[in-house]
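1. Got a predicted structure plus its sequence, pasted below:
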Amino acid sequence: MPSPSYQWRKNGVVIPSASNATLTLLPVLPADVGAFEVVVTNASGSVTSSLASLTLVAAPTGPVITRQPADATAIVGRTATLVVAASATPAPTYQWIKDGAPLPGATADTLTLASVQPAQAGQYSVVLTNAAGRVTSRPALLRVPPRSYAGTYVGTLGPTGSFALHIRDDHTGVFLGFTPLPRAVVIGLALTLDDSGNFEIRTTDSFNFAAGPTFSGAITAAGSLTGTAGGPEPRALRASRSAGTGPTLTQAGYYDAAVVNASGRAYAIGDATGQFLAVTQTAGALDAGLGTIDASGTVRVTTLTQSALTGSVAPDTARLMLTLSGGSGATNFVGSSETAPTAPDQRLVNNSTRARAGSGDQVAIAGFVITGEESKPVLIRAVGPSLAGFGVPGAVAAPVLELFQSGQPTALARNTGWSIGGSAPTLAAAAARVGAFPLDTGTADAALLTTLAPGAYSAVISSADARTGVGLVEVYDLSGAVLGQRISNLSVRAFAGADADTLIVGVVVQGTVPKRLLIRAVGPGLTPFGVTGVVEKPRLAVFSGAVEVARNLGWSTSPDAAGITQAGLAAGAFPLASSSADSALLINLAPGAYTAQVSGVAGTTGVALVEVYEVR
C-alpha cells in the first residue's frame, strides 16, 4: 500500500508546508487558536480527520497587586472602604487582616466598614492567594477621628492681618495668611490636623514672615479655631468654620493658579459667605489680600501693595482666571479648584528623549517615577532605524531596550526587535492610542508594553552592535486619569553636545490648566556621584515647537533661585551647589508638547542629566 501524504488545514484553510503526520506549533501564539484538521491522501483516495480545536489556557501565575489599599480617614459613624486589585491566574482568594489578625468574613477584594468606631482604627492589609503563589499588600492606615473638622475657616491674624484655612475630608489642609504691618505673607500647603483638631505649620512652609515663626492652633468640636503665630512678635489666630450654606457655596474651596511660561503662582481660598483670600508669588515677590467672590464667580481683591487682583471662577469647570494689576503692569494667572472635574487630567503623559546611544558609558538612560497606589500601564520604545524616515542621520542601527526597577540589578524586561514574537499588533495599537508615530514591521526598533507598580524605573537604550548612533527613547502613560496617580518625575542621562548632539527631552502636559515643572540640566553636579566626562557648562532651553519659551545658563543666577532650591527639596532632587554651572528652570507650562534642549556652551560636550519634576 502506497504511503499517504498529509495536508493540514486551519479553519478550512490550507497551512503551507504543513505536510507531515505531526503538526508542531512552536511557539504557540494567540493567532494559532482555531480548528485544525488533516487530509490524508494516497492512490486509493483521501480522508479528512475530525476537527481538533486549539485553545490557549494561561499558565498559572501568582497574584500581582495592581492597586494597593490606600490610607483612609473616616469619621466615627461613617463608612470606610479599602480596595485592592490584582492580576492572577486562576483568580485569587482574599483575606483582610487588621493589625496582624485575620478579619472573619473579610474575603473580597473590597473591605467595607459601616459605621466605623475608634476601635477599628489601625493598619489593614490583605493576603491574596492562588495555586501559583501568595502575596500580601502594603498596610493601609485607617484613621477614625471622633469628629470632622473639614471646611473653610477665614479669620484674623494678629490685630490687622487675615488668614484662611481649608481642611479636606482627610484632615489635611492649606493655610494662607498675611499681615500689613509688618508686611508679611505665609503659605502653608502641607498642614495636617490630628484627631483632636490640633495643627502646626512647619517653618519651611513660611515665606517673608519675620523670623520664620511656627503657626499652631486647634479647632474645637463647634468649629472655633484659636492659635498663635510665633516669633519675636507673636500674633493670635482666631476664626470660625464657615457655614455649610451660603451664596458662594459652590465656589468655596482651595484654588491653585499659575502664570504661563513663567514661575509665578497664585493660591486662594474662598468660602460660602463670599470671602476670598489670595496670595500671589511673582519674580520672587509675594503679595496677598482678602476680598470677595460673588455668586456669579466674580473675584475682587485689593492686595497689600494696593494692587487689584480681579477675575472669575467658571461655575461649571471651577476654572480660575485672575489678573494682578499694579505699578509694574498686569500679570495673568490660570488655574482651578483642586476638586475641579478636570483635576485628574492635569499630568505629564509622555517623555521622549533624543540622544546618542552606544555601549558601556555611552548608553542613554531615561528614568521615571510612578506615584499613587495603583499600577500603571506604560509603553516604552527605543527607536533607531525608524528615525531615518524623519531625516535624522546617524541613527543607532540596532537599539537594545532594557527596563530596570530602581535598586535592582536585573532587568525586568528586554527587547531587541519590536515586531518579533507576535506582539506587534498590541504594541502598534498602544502606540496609536497615545498618538505615537508607527514603527515599520520588521525594523530593529525596540518596544515594551508593561504594567508597573508605583516606584522608580529606568529605561536603558544601548546598541546591540556597539556602534554609537542617535536614538529616541519614549515613555508613554497609557492609564486613565486618576487623581494622585501619575508619572511625576522624568530624568534622562546621556551625552550632550551641540547641533546634532544636542540632548533633547520632550514632555507632553495634559489637562486644561498650566502644570508647574522644575526642569534641571545637570553637568558639574554629577561629578560628586562618580560620573566622569560631564558637560562642564550645560545650557538649558525650553521650546514649544520652534518657539523658545525660556532658557537658563547657571541656575543660581536666576531670579527664581530660591524657588528652584525649595522645589528641588520638595521633589526629592539632590541639591545643586550654589556656585555650580548647572542650569534649571521653575516654569508653568500650559497643556501641550514641549522640548527641553541641553547643549554645551562654546561647543563643549559631555554627559548631562536632564530632570523634569512635577511641583505643587
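-> Arrived safely, thanks for sending.
2. After the helix or strand of the chain with the lowest mean pLDDT, which helix or strand is next?
-> None of the helices or strands of the chain scores lower by mean pLDDT, DSSP states H and E than strand 206-207, at a mean of 46. Using DSSP states H and E, the helix or strand that follows strand 206-207 towards the C-terminus is strand 215-219.
3. Packing partners of that next one?
-> Contacts defined by 3 or more Cβ pairs under 8 Å, 6 or more residues apart in numbering; DSSP states H and E place strand 215-219 against strand 198-201, strand 224-229, strand 235-241. C-beta coordinates here come from the backbone N, C-alpha and C atoms, glycine included.
4. Looking at those strands, spot the one closest to residue 479.
-> strand 198-201 (33.8 Å; Cβ to Cβ).
5. Return that closest one as PDB; C-alpha atoms alone will do.
-> What follows is strand 198-201, C-alpha atoms only, in PDB (Å, rounded to 0.1, in the frame of the first residue of the first chain):
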ATOM      1  CA  ASN A 198      -4.600  70.400  66.600                       C
ATOM      2  CA  PHE A 199      -2.300  71.600  63.800                       C
ATOM      3  CA  GLU A 200       1.100  73.100  63.300                       C
ATOM      4  CA  ILE A 201       2.700  74.600  60.100                       C
END
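6. Can you give me the buried ones in it?
-> For strand 198-201, a neighbour-count test (16 or more other Cβ atoms under 10 Å) marks 199-201 as buried.
7. do the same with stretch 363-382
-> Here stretch 363-382 shows 363-376, 378-382 as buried, counting by 16+ other Cβ under 10 Å.
8. Just the ones of these in strands?
-> 364-371, 376, 378-382 (DSSP state E).
9. Take the residues you listed and write them to CSV, including distance to residue 495 and pLDDT.
-> Formatted as CSV, these follow (distance: Cβ to Cβ, whole Å; pLDDT from 0 to 100):
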residue, distance to residue 495, pLDDT
364, 8, 82
365, 11, 83
366, 14, 83
367, 16, 83
368, 20, 84
369, 23, 84
370, 27, 83
371, 29, 77
376, 29, 76
378, 25, 86
379, 25, 88
380, 20, 90
381, 20, 92
382, 16, 90
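10. I believe residue 386 is in a helix; please confirm or correct that.
-> Yes: Residue 386: assigned to a helix according to DSSP: H, G, I helix; E, B strand; the rest coil.
11. Give me the domain ranges for this structure.
-> 5-54, 62-143, 151-337, 342-486, 497-616 (automatic domain parsing).
12. All the strands of the stretch 401-550 of the chain, in order from the start?
-> Assigned by DSSP state E, counting those that start in this stretch, the stretch 401-550 of the chain shows strands spanning 413-415, 446-452, 455-463, 469-477, 486-496, 503-510, 515-522, 538-544, 547-552.
13. Comparing the ones you listed, which comes out most buried?
-> Compared across the strands of the stretch 401-550 of the chain, strand 515-522 shows the largest average neighbour count, a mean of 26 (mean count of other Cβ atoms under 10 Å).
14. ok, residues contacting that one?
-> 258, 265, 346-348, 496, 507, 509, 538-540, 542, 552, 555, 564, 567-568, 571, 573, 576, 582-589, 591, 596, 598, 608-616 (Cβ atoms under 8 Å, 6 or more residues apart in numbering).
15. Out of those residues, name the ones that lie in helices.
-> In this view, the contacts of strand 515-522 that belong to helices under DSSP state H are 564, 567-568, 571.
16. pLDDT-wise, what's the bottom of those residues?
-> Note: of the ones in helices among the contacts of strand 515-522, the lowest pLDDT belongs to residue 571, at 81.
17. pLDDT weak spots in the stretch 351-500 of the chain?
-> Along the stretch 351-500 of the chain, segments meeting pLDDT under 70 span 361, 480-488.
18. rerun that using 50 as the cut-off
-> Filtered on pLDDT under 50, the stretch 351-500 of the chain yields the residue ranges 483.
19. again with the chain
-> Using pLDDT under 50, the chain drops low at 203-211, 483.
20. count of neighbours near the closest residue to residue 198 other than its chain neighbours?
-> Leaving aside its sequence neighbours, residue 198 sits nearest to residue 218 (Cβ to Cβ, 6 or more residues apart in numbering; 4.7 Å). Look at residue 218: counted by other Cβ atoms under 10 Å, it has 17 neighbours.
21. Could you list the paired strands of the helix or strand hosting residue 81 along with their orientation?
-> Element membership for residue 81, per DSSP H and E: strand 80-83. Strands that pair with strand 80-83, judged by DSSP bridges, come out as strand 110-113 (antiparallel).
22. what comes up buried for the partner strand?
-> 111, 113.
23. C-terminal to it, what's the next element?
-> In the C-terminal direction from strand 110-113 (assignment by DSSP H and E), the next one is strand 122-130.
24. chain center to that next one: distance?
-> 26 Å (Cα atoms, centre = their mean, to the nearest Å).
25. For stretch 17-29, measure first residue to last.
-> 18 Å (Cα to Cα, to the nearest Å).
26. ok now that stretch, how far from the chain's centre?
-> Put simply, stretch 17-29 sits 46 Å off its chain's centre (Cα atoms, centre = their mean).
27. Contacts made by that stretch with the rest, please.
-> The contact list for stretch 17-29 (Cβ under 8 Å, 6+ apart) reads 5-8, 15, 32, 36, 38, 54, 56, 422.
28. any idea which of the residues you listed is closest to residue 83?
-> The closest of the contacts of stretch 17-29, once distances to residue 83 are taken by Cβ to Cβ, is residue 56, at 30.1 Å.
29. one step back: show me the one of the helices and strands packed on strand 215-219 that comes nearest residue 489.
-> Checking the helices and strands packed on strand 215-219 against residue 489 by Cβ to Cβ gives strand 198-201 as the closest, at 25.9 Å.
30. by contact count, what packs against the closest one?
-> strand 184-192, strand 215-219.
31. Using TSV, please lay out the ones you listed together with distance to residue 459.
-> Formatted as TSV, those follow (distance: least, Cβ to Cβ, whole Å):
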stretch	distance to residue 459
strand 184-192	32
strand 215-219	43
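32. which residues touch residue 7?
-> Here residue 7 is in contact with 14-15, 18-19, 38-39, 41 (Cβ under 8 Å, 6+ apart).
33. Closest one to residue 314 out of the residues you listed, please.
-> Using Cβ to Cβ, these come closest to residue 314 at residue 15, 61.8 Å.
34. The closest one and residue 32 touch, don't they?
-> No: using Cβ atoms under 8 Å, residue 15 is not in contact with residue 32, being 10.3 Å away.
35. Please identify which of the helices and strands packed on strand 215-219 is closest to residue 602.
-> So among the helices and strands packed on strand 215-219, strand 198-201 is nearest, using Cβ to Cβ, at 46.4 Å.
36. picking that back up, could the strands of the stretch 401-550 of the chain go into CSV alongside distance to residue 404?
-> What follows is these, written out as CSV (distance: least, Cβ to Cβ, whole Å):
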stretch, distance to residue 404
strand 413-415, 9
strand 446-452, 11
strand 455-463, 5
strand 469-477, 13
strand 486-496, 13
strand 503-510, 19
strand 515-522, 20
strand 538-544, 25
strand 547-552, 30
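37. The ones you listed: which one's closest to residue 171?
-> Of those, the one closest to residue 171 (Cβ to Cβ) turns out to be strand 486-496, at 23.3 Å.
38. Give me the angle between that closest one and strand 538-544.
-> Angle of strand 486-496 versus strand 538-544, following axes from the mean of the first three to the mean of the last three Cα atoms, to 10 degrees, is 130 degrees.
39. what's the burial count for the closest residue to residue 31 other than its chain neighbours?
-> Closest residue to residue 31 in three dimensions, ignoring its sequence neighbours and counting by Cβ to Cβ, 6+ apart: residue 422, at 6.5 Å. Look at residue 422: counted by other Cβ under 10 Å, it has 13 neighbours.
40. just checking, residue 92 touches residue 129?
-> Yes: applying Cβ under 8 Å, one finds residue 92 in contact with residue 129, separated by 5.7 Å.
41. Settle it for me: which of the two has more neighbours?
-> For the pair residue 92 and residue 129, the greater number of neighbours falls to residue 92 (25 against 16), based on other Cβ under 10 Å.
42. Now do the SS call for residue 57.
-> Three-state call for residue 57 (three-state DSSP): coil.
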